[in-house]
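Chemist: Got a predicted structure here, sequence first:
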Amino acid sequence: METKVITAHVPLELAAKLDAIAVRRDRSRGWIMKQALSLWVEREEHRYRLTLEALADVDAGNVVDHDDVEKWVASLDTDRPLPTPSCG
């Protein structure tokens, strides 16, 4: 696998924590950084996919009216809460 060197300036406290984790895990700082960055990128890609799905739902009209949500929330502290509002 080809690689590329990426540098970043991080606060000293964060660098110290990274070094401590590397020692505890008996891994290099680079290995720890690759793991952390890989997980972050994966999470961001997932978040982006969810955002696209949500926007597609909005475009398709799969939304709950804001007033219905407010009425439902207000009813939760009463003896007769309203049913959970649904799309359409």
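Modeler: Received the coordinates, thanks. Numbers count the residues shown, from 1 in each chain.

Chemist: in the helix or strand harbouring T51, what's buried?
Modeler: Here T51 sits within helix 29-59, counting by DSSP states H and E. For helix 29-59, burial by neighbour count (16 or more other CB atoms under 10 Å) applies to 32-33. C-betas here are computed from N, CA, C, even on glycine.

Chemist: helices and strands around it, which ones?
Modeler: Packing partners of helix 29-59 (3 or more CB pairs under 8 Å, 6 or more residues apart in numbering; DSSP states H and E): helix 12-25.

Chemist: for the helix it packs on, packing partners?
Modeler: Applying 3+ CB pairs under 8 Å, 6+ apart, one finds that helix 12-25 contacts helix 29-59.

Chemist: do you know how far C87 is from L55?
Modeler: The gap separating C87 from L55 is 15 Å, by CB to CB, to the nearest Å.

Chemist: List of residues touching the next helix or strand after the helix holding T51?
Modeler: Downstream of helix 29-59, the first helix or strand assigned by DSSP H and E is helix 66-75. Helix 66-75 is contacted from outside by 81-85, using CB atoms under 8 Å, 6 or more residues apart in numbering.

Chemist: Mind doing that once more with 6 Å?
Modeler: Helix 66-75 is contacted from outside by 81-82, 85, using CB atoms under 6 Å, 6 or more residues apart in numbering.
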